[in-house]
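> how would this look folded up:
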Amino acid sequence: MNVLEKKVADSTSEMTQLVLPNDTNMLQHLLGGTLMHWIDLIGAIVANRHCRQPIVTASMERINFLRPIPLGHLVILKGRIQYAGKTSMEVGVEVFSENPLSGERSHTSQAILTYVAVDFDGRPMPVPKLILSSDEEKTRFDNAVKRKAARLNQNQAL
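As a prediction, this is how the structure comes out:
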């Protein structure tokens, strides 16, 4: 089924992980690389749900580690599509830490990733257009367009 347009809500996803001892550094905090892996997973789920095709990670443009996530805490990753172009999609991921005993949550990280839809030979494929339903979604889309233009200018300069 080839859908020409989809809403942001159609692909918005959430994933929860538990920080176990094998996931931590010497300070008993979640390893940054493990968190990056989980961010890429939720981002890929969002991108795949938007286009329902194989996708590849094109870039992790920005990741901010705002505060550490302790051993034993839950990690809640929320991903949403922010932009859909011809073959690429930008996904924003917000990460929260939840103390499983108190239920207290804190915003710990955020990231922006770009994915490209491909066929089984790795060639880029068109993705559905994005239907923007709120002012917030429009702002996120406009900001993503600006980031894409800046990224393309930077790549040309290199």
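
> mind listing what Ile112 touches?
Contacts for Ile112 (C-beta atoms under 8 Å, 6 or more residues apart in numbering) come out as 60-63, 82, 90-93, 144, 147. All C-beta atoms are positioned from the backbone trio N, CA, C, and that covers glycine.

> ah, wrong one, I meant Ser11
Going by C-beta under 8 Å, 6+ apart, Ser11 touches 46-47, 49-50, 80-81.

> looking at the longest helix seen in the chain now, give me its mean pLDDT.
Counting residues, the longest helix found in the chain (DSSP state H) is helix 135-157. For helix 135-157, mean pLDDT rounds to 90.

> for it, buried residues please.
Going by neighbour count (16 or more other C-beta atoms under 10 Å), the buried part of helix 135-157 is 137, 140-141, 144, 147-148.

> then stretch 70-86?
Applying 16+ other C-beta under 10 Å to stretch 70-86 flags 73-85 as buried.

> between those, which is closest to Gln17?
Nearest to Gln17 among those is Val75, at 4.5 Å by C-beta to C-beta.

> fine by me, thanks again.
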